[in-house]
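**Student:** everything below, folded, please.
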Amino acid sequence: MNEAGSQRERQLPDLDSLDVQSLKALVLAKQAEIDSRGTEIEHLKLLVLKLKRMHFGPRSEKRDKDIQQLELQLEDLEISQAAVEPEPPLPATAAVKQHVRRKPARRPLPAELPRQTETIAPEQEACPSCGGTLRHLGEDVSETLEYVPAKFIVIRTVRPKLSCSGCSHIVQAQAPNRPIDRGMAGPGLLAHVLVSKYADHLPLYRQAEIYGREGIDLDRSTLADWVGGASRTLQPLVEALKKYVLSAEKLHGDDVPVPVLAPGNGKTKTGRLWTYVRDDRPAGSKEASAVWFTYSPDRKGEHPARHLQSYTGILQADGYAGFNQLYETGRIVEAACWAHVRRKFHDLYQAHRSPIAKEALERIAQLYGIEQEIRGRAPAERAEVRQMRSRPLLEALHVWWKTTLSKLSQKSDVAVAIRYALERWNALLRFCEDGRIEMDNNAAERALRAVALGRKNYLFAGADTGGERAAAIYSLLGSAKLNGIDPKAYLSLVLRCIADHPINRISELLPWNLFPAKPASEAA
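**Tutor:** Numbers count the residues shown, from 1 in each chain. The predicted structure is shown next:
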């Protein structure tokens, strides 16, 4: 027997001297120790999986990268095949059908694109066979998509001065207001800089390099002045957007960390960007969707309490404890998120193929299947279907979770996931009682994707004021996207007219008021 085995044997009592009950107690104690270690191993596996997701991104992102790699390979193969000289087309009378590689159907070019007509007439003025007069028979029309590179132009504004010959009174048109006082950037260029920074995630120094290749020397500090000035000009519009969002009956809320450069020591601290989304389209609402972002230097619960101090309605959010004080007075009704519940079981199944996690995922999938069927219907109809079809599934799920929990070690990760759901059961059940409520909080999470993408390029915000400025621009860009509006076209139009627009009618410049709604088929 090796040294380790001898040491373990010395730690055991004299088995020969123990009675049956003592032996049973010893076996049970050792079994409990083994179960505890098994639970700890499962927990560590789950932690490793979560840490890998935090470091390398979620599995879905990895799959996206794999798909992108395959798409690149496919792209190279298709380019190589297209580079080969094409075979001559078969005559129309060919009797034998040959296999031809199928190509995707060519989509028609958008009708709203500007078109230039180029007519190519025959060189012959008379019939080349008999010399007869040629008459118009018809025409073949084909279209080619072309790209005209963006270009800088200088707009010279000339204001002639006129003098009265009788009294020498001078008359001159008033100078037009500019988006930024004494700024040389036009509204289109300002919109381009803002969209490039906050929607396309191009930091200003990279934009300066791109403009330099076009022969325009724009220093990064100049671009920063433009962004700051435009943000100041747009602030009243952001306030109007905030007012509109907070007037909703139901909101989706969430937050995301944002690294911010701490002053003085060159290190970064963690600020937060909070998002509140008004989007009732799944419940058949025709009202415009909108999102309002706001920034805070930390994640204390006092921030959402301040953001929603005048709000009354439903808040759909995750299980963040900072929201709890909002629900205490009853002024704000809590609606929990089934996506967060599902995610915990998904992680467990990915970590060690837990059969309990698998069954939980299948049961939750049934609920989502019902939601897919009733999406876009009126709240009353949604509530009726949920009561008839979803409620029995939820009650059965609740009984199964409680029964399963009683058989598990309370320290196991499966037990933790089940307790997470049971502790929020009333809030999770609320969507079944109110047709306005969604099953999850994905609307808020979708709104935060632009922030997550931007963090990869920015690395950190320069200061708290940078976080506040980003929140303001994200609000306008995100609301434009929610309504199917091109953010650059929207900002260009706003910056062109906001300086002369009456402040008491600023809501007229919100995205859905400036641009007509698209038909449902086009929006889809």
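**Student:** only C-alpha atoms for contact and neighbour calcs from this point on.
**Tutor:** Noted.
**Student:** does I332 touch Q316 like I think?
**Tutor:** No - contact criterion C-alpha atoms under 8 Å: I332 and Q316 do not qualify, at 9.9 Å.
**Student:** what is in contact with the two at once?
**Tutor:** When contacts are counted by C-alpha atoms under 8 Å, 6 or more residues apart in numbering, the set common to I332 and Q316 is empty.
**Student:** the two - which one has more neighbours?
**Tutor:** Neighbour comparison, I332 and Q316: the larger count goes to Q316, with 30 against 22 (by other C-alpha atoms under 10 Å).
**Student:** need the contact list for R220.
**Tutor:** Taking C-alpha under 8 Å, 6+ apart, we find R220 in contact with L204, Y205, A208.
**Student:** just the pLDDT at the second one, thanks.
**Tutor:** Going back to what we said before, that points to Y205. Y205 is assigned 87 on the pLDDT scale.
**Student:** how about the nearest residue to it, chain neighbours excluded?
**Tutor:** R220 (5.4 Å; C-alpha to C-alpha, 6 or more residues apart in numbering).
**Student:** dihedrals phi and psi, the one you found?
**Tutor:** Main-chain dihedrals, R220, degrees, to the nearest 10: phi -60, psi -40.
**Student:** distance of it relative to Q316?
**Tutor:** 40 Å (C-alpha to C-alpha, to the nearest Å).
**Student:** could you do V451 as well?
**Tutor:** 20 Å.
**Student:** likewise for E139?
**Tutor:** To Q316, E139 is 60 Å away according to C-alpha to C-alpha.
**Student:** over to V494?
**Tutor:** V494 sits at a distance of 31 Å from Q316 (criterion: C-alpha to C-alpha).
**Student:** settle this for me: D298 is touching L273, isn't it.
**Tutor:** No - using C-alpha under 8 Å, D298 makes no contact with L273, being 9.3 Å away.
**Student:** format the CA atom coordinates belonging to stretch 498-514 as PDB.
**Tutor:** Presented in PDB, the C-alpha positions along stretch 498-514 are these (Å, rounded to 0.1, in the frame of the first residue of the first chain):
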ATOM      1  CA  ILE A 498     -32.900  72.800 -34.700                       C
ATOM      2  CA  ALA A 499     -31.100  76.200 -34.300                       C
ATOM      3  CA  ASP A 500     -34.200  78.000 -35.700                       C
ATOM      4  CA  HIS A 501     -36.800  75.600 -34.200                       C
ATOM      5  CA  PRO A 502     -39.000  77.000 -31.300                       C
ATOM      6  CA  ILE A 503     -38.000  75.300 -28.100                       C
ATOM      7  CA  ASN A 504     -41.600  74.800 -27.000                       C
ATOM      8  CA  ARG A 505     -42.100  72.600 -30.100                       C
ATOM      9  CA  ILE A 506     -38.900  70.600 -29.900                       C
ATOM     10  CA  SER A 507     -40.800  67.300 -29.800                       C
ATOM     11  CA  GLU A 508     -41.600  67.900 -33.500                       C
ATOM     12  CA  LEU A 509     -38.000  67.000 -34.200                       C
ATOM     13  CA  LEU A 510     -38.200  63.500 -32.700                       C
ATOM     14  CA  PRO A 511     -37.500  60.800 -35.300                       C
ATOM     15  CA  TRP A 512     -41.000  59.600 -35.900                       C
ATOM     16  CA  ASN A 513     -42.300  63.100 -36.300                       C
ATOM     17  CA  LEU A 514     -39.700  64.100 -38.900                       C
END
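**Student:** how about that stretch: buried residues?
**Tutor:** Neighbour counts over stretch 498-514 (16 or more other C-alpha atoms under 10 Å) mark I498, A499, I506, S507, L509, L510, P511, W512 as buried.
**Student:** isn't the third one right up against P236?
**Tutor:** In this case it means I506. Yes - assessed by C-alpha under 8 Å, I506 is found in contact with P236 at 7.3 Å.
**Student:** neighbour count for D298 and L273, which is higher?
**Tutor:** Using other C-alpha under 10 Å as the criterion, D298 and L273 rank with L273 on top: 22 against 15.
**Student:** ok, now which ones touch that one?
**Tutor:** D255, V256, P257, V258, F293, T294, Y295, S296, G467, A471.
**Student:** are any of those buried, and which?
**Tutor:** D255, V256, P257, V258, F293, T294, Y295, S296, G467, A471.
**Student:** hmm, who's touching the helix or strand the second one falls within?
**Tutor:** Under DSSP states H and E, the secondary-structure element containing V256 is strand 250-261. Taking C-alpha under 8 Å, 6+ apart as the criterion, the residues outside strand 250-261 that touch it are 245, 267-280, 313-318, 436-437, 441, 443-445, 448, 455, 459-464, 467.
**Student:** narrow the residues you listed to those in helices?
**Tutor:** The members of these that map onto helices under DSSP state H are V245, A443, A444, E445, R455, D464, G467.
**Student:** for those residues, which one is nearest A351?
**Tutor:** Proximity of those to A351 (C-alpha to C-alpha) peaks at E445, which lies at 23.7 Å.
**Student:** let me know the pLDDT of the closest one.
**Tutor:** pLDDT, read off for E445, is 90.
**Student:** where's it relative to V291, distance?
**Tutor:** To V291, E445 is 11 Å away according to C-alpha to C-alpha.
**Student:** neighbour count winner among these two?
**Tutor:** V291 (29 against 18).
**Student:** what helix or strand does the more buried one sit in?
**Tutor:** strand 290-296.
**Student:** direction included, what does that strand pair against?
**Tutor:** Within its sheet, and counting by DSSP bridges, strand 290-296 is paired with strand 268-278 (antiparallel).
**Student:** just for the stretch 201-350 of the chain, where's the confidence low?
**Tutor:** Low-confidence regions of the stretch 201-350 of the chain, defined by pLDDT under 70, span residues 263-266.
**Student:** where do the strands sit along the chain?
**Tutor:** 161-163, 170-172, 250-261, 268-278, 290-296, 313-316, 332-335 (DSSP state E).
**Student:** in TSV: those strands, plus distance to L189.
**Tutor:** What follows is those, written out as TSV (distance: least, C-alpha to C-alpha, whole Å):
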stretch	distance to L189
strand 161-163	29
strand 170-172	28
strand 250-261	27
strand 268-278	27
strand 290-296	24
strand 313-316	38
strand 332-335	42
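**Student:** so which of these is the most packed in?
**Tutor:** strand 290-296 (a mean of 25; mean count of other C-alpha atoms under 10 Å).
**Student:** contacts for that one next, please.
**Tutor:** Residues contacting strand 290-296 (C-alpha under 8 Å, 6+ apart): 241-242, 245, 271-279, 303, 447, 464, 467-468, 471-472, 474-476, 478-480, 482-483.
**Student:** hmm, 6 Å instead?
**Tutor:** Contacts with strand 290-296, where a contact means C-alpha atoms under 6 Å, 6 or more residues apart in numbering, come from 242, 271-278, 467-468, 471, 475, 479.
**Student:** ditto for stretch 464-484
**Tutor:** Residues outside stretch 464-484 that contact it (C-alpha under 6 Å, 6+ apart) are A290, V291, W292, F293, T294, Y295, P487, P511.
**Student:** next, the buried residues of stretch 300-308.
**Tutor:** Buried residues in stretch 300-308, defined by neighbour count with 16+ other C-alpha under 10 Å: H303, P304, A305.
**Student:** show me the shaky parts of the stretch 51-200 of the chain.
**Tutor:** 51-106, 149.
**Student:** and the gap between T117 and L162?
**Tutor:** 43 Å.
**Student:** what do you get for L493?
**Tutor:** The gap separating L493 from L162 is 32 Å, by C-alpha to C-alpha.
**Student:** which one is T270 nearest to, not counting chain neighbours?
**Tutor:** Per C-alpha to C-alpha, 6+ apart, closest to T270 is P259, 4.7 Å.
**Student:** roughly how far apart are that neighbour and I155?
**Tutor:** From P259 across to I155, the span is 40 Å (C-alpha to C-alpha).
**Student:** how many neighbouring residues does R424 have?
**Tutor:** Neighbour count for R424, taken as other C-alpha under 10 Å: 16.
**Student:** try the one 5 residues further on
**Tutor:** Using other C-alpha under 10 Å, L429 has 19 other residues around it.
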